[in-house]
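**Q** My questions concern the predicted model and sequence given below.
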Amino acid sequence: QACSTRGFASASSQSPPSSTAACCDQVLPCLWSLGCRWRKELTWRCFLVSAITIVVVRYSTTVCLSRGHCTNLGWGSLAWFQQAYPTPYGQTWAFVLLAIVGGYIASLFTAFNTWVCLLRKRWSKWFSFRILEVCVISVITSIVLFAMPLGGRCHKCDTDTLDHCVVGASRFMTFAGYGCSSGSYNDLAVLVFNPQGFKIQALFAAPSGTFHMSSLLLYSAFYYFLAAITYGAFIPSGLFTVSLIFGGCFGRIWAELLVWVGAIDASEPGLVGIYALLGAASFLGGLMRMSASMCLVLMEMTGAPNTLPFLMMVLIISKGVGDRFNYSVFDHQIMLKGFAFIGGIPEHIVKRAHLDAEDVMLKPSGANHLNITEPAKHLLETLDANKTVTVFAVCGAPKSSDEPGDFMGIISRQSILELVARHGDDAESIDLSSKVEVAPVVIPPGMPLTFIYNVMQEQGLNYIPVIRQHGPLEGMVSRVDIVGVQSHQLDKFHVKENLQQASKDIEGGRIIQSMMIDKQTAALRKAIAAPFMKARDLLVKDIHEHDEFMDGEKEERTPIIYLDALAGAFPEQKPEAALTQQISLSSTQPYLRRSKTDAAATMTSTAASAADGGVREQARVHSSCDRLE
């Protein structure tokens, strides 16, 4: 099972609620990303577990700080602080660009991590490789992190108290030993060796110039690479705190660039910090694709409700940018693990496909459904032929050789084995009615696929029978069938096919080719060109419609009346060329004030006058036509 009640309960008591002190912030990610078997009672259980966890953490922190013990709780270990941020609405353009770049960087993280996991999957079946991989990652991480601060920059402390040399926490280490004198600190050593909670607070709260841009670039690049390799390995690791730290570095780099070009004022309090906060939001939105829940997490973590509009804007834009290239990192991991997870496809794509139950169901046959009485031999053969199927449909006695009987219910694989064990393998007829269960949900063949999604996710069903008004069985819709439809018909990125092709390239030794850099480049060019192509199409369409309107207006304003009476007025013309003048009699035009009767009378009188002959009569015809127009 991809999800379970115990998994939800344990997940709710870990990571974000205990580190950010936000109760609903963990329930929403569970509800959003792990909703494959979500039910209403699980919501209240997760709320209860999260609330208990937060109460314990807050009470423990209060007691420790009041009595002067357990000082580690105040040493940046909790990413939960109060910070005041400005609301620079005039810099919305910079926030939009930040969201676009952050969403694309997050999508690259997902692609790179998926490729690393494919490489790992080839050798991970050996337990010794798993142990070796953990040791190699640990050794390389330790060596690089101890050597990295040697490339850091020294900064003078703004205060005499070294404990408050960098804004962000009540206690931290300055690490002056890394080439810095007393009263100064090494910015890379501060980022490398201090607890994660302090790093987050320092990135989100420190003013401009606290960390040099080269230090931020070096640390964020290594952190990005290390997180992409570690996630998915046999090491307890996550992505939430990693995203906050890398996103904070990315946001500060963005702000320092704007300060360097003179686009923003670095002296404004909290301005660089809000860029760090929004940088973390952009990376989270492009990586996890959870807009609402991540917005609440960041807003409650910093205690800054005035940042809500900016957070929602950045999260939505970064999510949209990420959706242009791939799915979330969780969806890719589920596909790599081979879980029968339904969802992840946008609802508008599912609706646009116009798929119903009859398009995805497995039609009944002798190999996948059973009659109410069956011989033991046929039961065992059916179980062997469908080793991955856990539930079978049971029908009544067949009405004819071509028409199956009415649908009776479902029976599990375990129940069939129990009946065979009770009656023996040689039994000629086994009655299944004692073990048949009523199907909790049945659907008609025309049921839309979106409804089937909702039923399976809310009820936690693996199989849904398809029948017509208590009649014969039309088929069975299984979770595996829907996953297959998602992979082959609804997946616009063709992730499953790309994973299979990349696996073949890796097995063939074509490591560089397995990265599919050409497809990533083509997707980037397409994403960049798409807005311009859309604008061009709209412009061409607008010009075309304008030309058609002008042409139509000219045609409508041209008078058209067929004056057959003028045929004798000009004897030099042939009878078939008697069409000498055209006047419009359409009563719908605003400039034509006369009725059809008046126009016909005018036409008759004009024709009679012209028939008398002479240039004077012909001029009168034209004058009358002009007046009629």
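**A** All right, it came through fine.
**Q** Which residue ranges of the stretch 151-300 of the chain form helices?
**A** Per DSSP state H, counting those that start in this stretch, the stretch 151-300 of the chain carries helices over the ranges 187-193, 196-205, 213-230, 240-261, 271-288, 291-302.
**Q** Quick one: list the elements packing against the longest one.
**A** Applying 3 or more C-beta pairs under 8 Å, 6 or more residues apart in numbering; DSSP states H and E, one finds that helix 240-261 makes contact with helix 92-123, helix 196-205, helix 213-230, helix 271-288. Where you see a C-beta, it was placed from the backbone N, CA and C, and this is true even at glycine.
**Q** what's the neighbour count on Thr450?
**A** Neighbourhood size, Thr450 [other C-beta atoms under 10 Å]: 14.
**Q** wait, I meant Glu374
**A** For Glu374, the neighbour count with other C-beta under 10 Å is 21.
**Q** ok, so what distance separates it from His546?
**A** 72 Å (C-beta to C-beta, to the nearest Å).
**Q** So for stretch 476-489, first residue to last residue, what's the gap.
**A** One end of stretch 476-489 sits 19 Å from the other (C-alpha to C-alpha, to the nearest Å).
**Q** Compare the helices and strands packed on helix 240-261 and say which comes out lowest on pLDDT.
**A** Note on those: helix 196-205 shows the lowest mean pLDDT, a mean of 87.
**Q** May I have that helix exported as PDB, CA atoms only?
**A** Coordinates of each C-alpha in helix 196-205 appear next as PDB, following Å, rounded to 0.1, in the frame of the first residue of the first chain:
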ATOM      1  CA  GLN A 196      19.800  24.400  10.100                       C
ATOM      2  CA  GLY A 197      17.300  26.400  12.100                       C
ATOM      3  CA  PHE A 198      19.900  29.200  12.600                       C
ATOM      4  CA  LYS A 199      20.800  29.200   9.000                       C
ATOM      5  CA  ILE A 200      17.200  29.700   8.000                       C
ATOM      6  CA  GLN A 201      16.700  32.500  10.400                       C
ATOM      7  CA  ALA A 202      20.000  34.200   9.400                       C
ATOM      8  CA  LEU A 203      19.100  34.000   5.700                       C
ATOM      9  CA  PHE A 204      15.600  35.300   6.300                       C
ATOM     10  CA  ALA A 205      16.500  38.100   8.700                       C
END
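**Q** Give me the helices and strands touching the longest helix along the chain, please.
**A** Secondary structure of the chain read by DSSP state H shows that its longest helix is helix 517-557. Judged by 3+ C-beta pairs under 8 Å, 6+ apart, helix 517-557 is in contact with helix 92-123.
**Q** Now whichever helix or strand comes after the helix it packs on: buried residues?
**A** Per DSSP states H and E, the first helix or strand lying C-terminal to helix 92-123 is helix 127-147. By neighbour count on 16 or more other C-beta atoms under 10 Å, the buried set for helix 127-147 is Arg130, Glu133, Ile137, Leu145.
**Q** Let me know the secondary structure of Glu381.
**A** Here Glu381 takes the helix state, with states given by DSSP: H, G, I helix; E, B strand; the rest coil.
**Q** burial measure for it, as a count.
**A** Counted by other C-beta under 10 Å, the residues lying close to Glu381 total 14.
**Q** Quick check: the gap between it and Val438.
**A** 26 Å.
**Q** Repeat that for Lys387.
**A** To Val438, Lys387 is 26 Å away according to C-beta to C-beta.
**Q** same thing with Ile137?
**A** From Ile137 to Val438 the distance is 52 Å (C-beta to C-beta).
**Q** pLDDT below threshold where in the stretch 451-600 of the chain?
**A** Residue ranges of the stretch 451-600 of the chain with pLDDT under 70: 552-600.
**Q** 90 - rerun?
**A** By pLDDT under 90, the low-scoring segments of the stretch 451-600 of the chain are 453-462, 468-474, 478-481, 483-484, 486-497, 499-500, 503, 506-523, 525-600.
**Q** can you give me the helices for it?
**A** Using DSSP H, counting those that start in this stretch, the helices of the stretch 451-600 of the chain run over 479-485, 495-507, 511-514, 517-557, 596-611.
**Q** what's the closest of the ones you listed to Gly152?
**A** helix 517-557 (32.4 Å; C-beta to C-beta).
**Q** Count the residues that sit near His348.
**A** Neighbour count for His348, taken as other C-beta under 10 Å: 9.
**Q** And the pLDDT for it?
**A** Turning to His348, the model gives it a pLDDT of 82.
**Q** For Phe451, see how far away it is.
**A** Distance, His348 to Phe451, by C-beta to C-beta: 15 Å.
**Q** now swap in Val485 and tell me
**A** Distance, Val485 to Phe451, by C-beta to C-beta: 14 Å.
**Q** of those two, who's got more company?
**A** Val485 (20 against 12).
**Q** quick one, what contacts that one?
**A** Applying C-beta atoms under 8 Å, 6 or more residues apart in numbering to Val485 gives the contacts Leu355, Asp359, Val360, Leu449.
**Q** out of those residues, who's nearest Gly152?
**A** For those, the nearest to Gly152 is Leu449 (54.7 Å; C-beta to C-beta).
**Q** okay but that closest one is in contact with Val350, surely?
**A** Yes. Look at Leu449 against Val350 with C-beta atoms under 8 Å: they come within range, at 5.7 Å.
**Q** more neighbours, the two?
**A** In terms of neighbours (other C-beta under 10 Å), Leu449 is the more surrounded of Leu449 and Val350; the figures are 23 against 20.
**Q** From the structure, what's the count of residues near the closest residue to the more buried one other than its chain neighbours?
**A** Leaving out its chain neighbours, the residue that sits closest to Leu449 by C-beta to C-beta, 6 or more residues apart in numbering is Leu355, at 4.3 Å. Neighbour count of Leu355, defined by other C-beta under 10 Å: 18.
**Q** From what I see, Leu355 and Phe451 are in contact.
**A** No. Counting by C-beta under 8 Å, Leu355 sits too far from Phe451 to count as a contact (11.0 Å).
**Q** Output stretch 248-261 as CSV - backbone C-alpha positions only.
**A** Taking Å, rounded to 0.1, in the frame of the first residue of the first chain, the C-alpha atoms of stretch 248-261 are listed here in CSV:
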residue,chain,number,x,y,z
GLY,A,248,16.9,31.4,1.1
CYS,A,249,20.4,31.5,-0.5
PHE,A,250,18.8,31.9,-4.0
GLY,A,251,16.6,34.7,-2.8
ARG,A,252,19.5,36.6,-1.2
ILE,A,253,21.6,36.2,-4.3
TRP,A,254,18.7,37.7,-6.3
ALA,A,255,18.4,40.6,-3.9
GLU,A,256,22.2,41.2,-3.9
LEU,A,257,22.1,41.4,-7.7
LEU,A,258,19.3,43.9,-7.5
VAL,A,259,21.3,45.9,-5.0
TRP,A,260,24.4,45.8,-7.2
VAL,A,261,22.5,47.2,-10.2
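**Q** Report the distance from that stretch to the chain centre.
**A** What separates the centre of stretch 248-261 from the centre of its chain is 27 Å, taken as C-alpha atoms, centre = their mean, to the nearest Å.
**Q** for stretch 126-145, same thing?
**A** How far stretch 126-145 lies from its chain's middle: 33 Å, per C-alpha atoms, centre = their mean.
**Q** pLDDT averaged over that stretch - what is it?
**A** On average, stretch 126-145 scores 91.
**Q** can you list contacts of that stretch?
**A** Arg120, Trp123, Ser124, Val192, Phe193, Phe222, Leu226, Ile229, Thr230, Ala233, Phe234, Ile235.
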